[in-house]
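# fold the following, please.
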Amino acid sequence: MNFAEQLTYWYLRLNGFIPLTNFVLHDDADVAQPGNEHRHRTSDADLLAVRFPHVSERIGGNPDDWDHPHFEEWGIDLTQTLGFIVEVKSGGWSADDLAARHWRVIRGVQRLGMFADPVAHEVANELSDRTRTNRDGYVVAKLLVGTYRQADAPWLYLDLRDAVRFIAQRMQRYDYRKHADRMFFDGDLIQFLAWRGGEEL
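Residues are numbered from 1 along each chain as shown. This is a model prediction of the structure:
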């Protein structure tokens, strides 16, 4: 994972999600290419993440620990089972580019495992022009984490800087444990943020 994907991973993890990174997605459709009549597309999802309603952790897993302002802005109810398909962009991106990758949303919904086909396809198609959909008590949403927003992109949006702030605030709030336990975290970046939360610089 690059630094932006790591920050997104920890933002979701610290909000009670179970994230899956760099999941390889295969497209069944043959794509005609000059000199290559049949080529399968392969890509990956930056992150897929699920969250269940009764998340609880002794340190940092209490009801007032979640990023409620963003979830309320997105219209996401944390009392439901959630599945997020996440794209992370630390640089340039376009709404057209995301729209052209809709097949990745289809594969992501299938991988989340909330719906069998053909319902999974129906849910994914509902997401072609909206940020989230609700079916049978499950909420599936597309989240874009980046450094600028485009109004015409039908994705929930989180500014990467807000993710950094949230992580830093969590580390500062529980610095008496996060700082002491920093080496148990998997990754240099999150270890640094845990160390920073307990240090006066």
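# where does the prediction get shaky in this protein?
23-45, 198-201 (pLDDT under 70).
# and if we set it to 90?
Applying pLDDT under 90 to the chain flags residues 1, 21-46, 56-63, 90-104, 148-153, 174-190, 192-201.
# which residue is nearest the centroid of it?
Nearest to the mean C-alpha position of the chain, by C-alpha atoms, centre = their mean, lies Val86 at 3.7 Å.
# how near is Thr8 to Ser90?
Counting by C-beta to C-beta, to the nearest Å, the gap between Thr8 and Ser90 amounts to 10 Å. To be clear about C-beta, it is placed using only N, CA and C from the backbone, and glycine gets the same treatment.
# neighbour count for those two, which is higher?
Between Thr8 and Ser90, counted using other C-beta atoms under 10 Å, the more crowded position is Thr8 (27 against 15).
# helices of the protein, residue ranges please.
In the chain, the segments counted as helices under DSSP state H are 3-13, 68-74, 95-100, 102-112, 119-126, 160-173, 175-178, 188-197.
# looking at those, which is closest to Asp46?
helix 3-13 (5.5 Å; C-beta to C-beta).
# what angle separates the closest one from helix 160-173?
On the basis of axes from the mean of the first three to the mean of the last three C-alpha atoms, to 10 degrees, helix 3-13 is oriented at 50 degrees to helix 160-173.
# no further queries at this time; thank you.
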